[in-house]
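K.L.:
For reference, the sequence and a predicted model appear below.
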Amino acid sequence: MIQQAEQQDALAAATLALLLWPNHTVEEFTESMTHLLKDDNAAIFLAYDHDKAIGFAQCQLRTDYVEGTDSSPVGYLEGLFVMDNYRQQGYARQLVAHCEQWAKHMGCSEFASDCEWDNTESLQVHLQLGFTEANRIICFTKKL
């Protein structure tokens, strides 16, 4: 079952986000999720096995340029995670479908995402979910 998260779901979403991005704390993510759940331009969807949250997808509207797109705003998949024991069962596809429907409802005609250059697992998931690769870039920074 997939449900759009509400304020009371911030900790569940944060706990799952920590499994995807472990270089943070559950407190940081709870604060972030609480903020996102108040933002009309963002949505979080949770996948459940009975009453246990086992996956999440975070999507937002992006109004800046999104690589490979022609319109604005663009629905953007910011994060997608399904617990190991629940993978290959359609949860990721359902989560992304809910994000896409949300983006359409928000007036978007395009939906995009990204992954790290060397994250081949994420690349394969994106391709299996119907995304096409738009570009590959290397980003640079410099202290001033």
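P.N.:
That came in fine, so what should we check first?
K.L.:
buried set for stretch 97-110?
P.N.:
For stretch 97-110, the neighbour count (16 or more other C-beta atoms under 10 Å) marks 97-100, 102-103, 106, 108, 110 as buried. To be clear about C-beta, it is placed using only N, CA and C from the backbone, and glycine gets the same treatment.
K.L.:
One more: stretch 111-130?
P.N.:
111-115, 125-126, 129.
K.L.:
for the chain, longest helix please?
P.N.:
helix 91-105 (DSSP state H).
K.L.:
could you point out which element follows that one?
P.N.:
strand 111-113 (DSSP states H and E).
K.L.:
partners of that following strand in the sheet?
P.N.:
Partners of strand 111-113 in the sheet, by DSSP bridges, are strand 74-82 (parallel).
K.L.:
Could you give the backbone dihedrals for Ile2?
P.N.:
phi -110, psi 130 (degrees, to the nearest 10).
K.L.:
what pairs with it across the strands?
P.N.:
Beta-bridge partners, per DSSP bridges, of Ile2: Ala47.
K.L.:
Verify the stated contact: it with Phe45.
P.N.:
Yes - Ile2 lies in contact with Phe45 (C-beta atoms under 8 Å); the separation is 5.6 Å.
K.L.:
More neighbours: which of these two?
P.N.:
Neighbours were counted for Ile2 and for Phe45 using other C-beta atoms under 10 Å; Phe45 has more, 24 against 16.
K.L.:
Find the helix or strand that that one is a member of.
P.N.:
Using DSSP H and E, Phe45 falls in strand 42-49.
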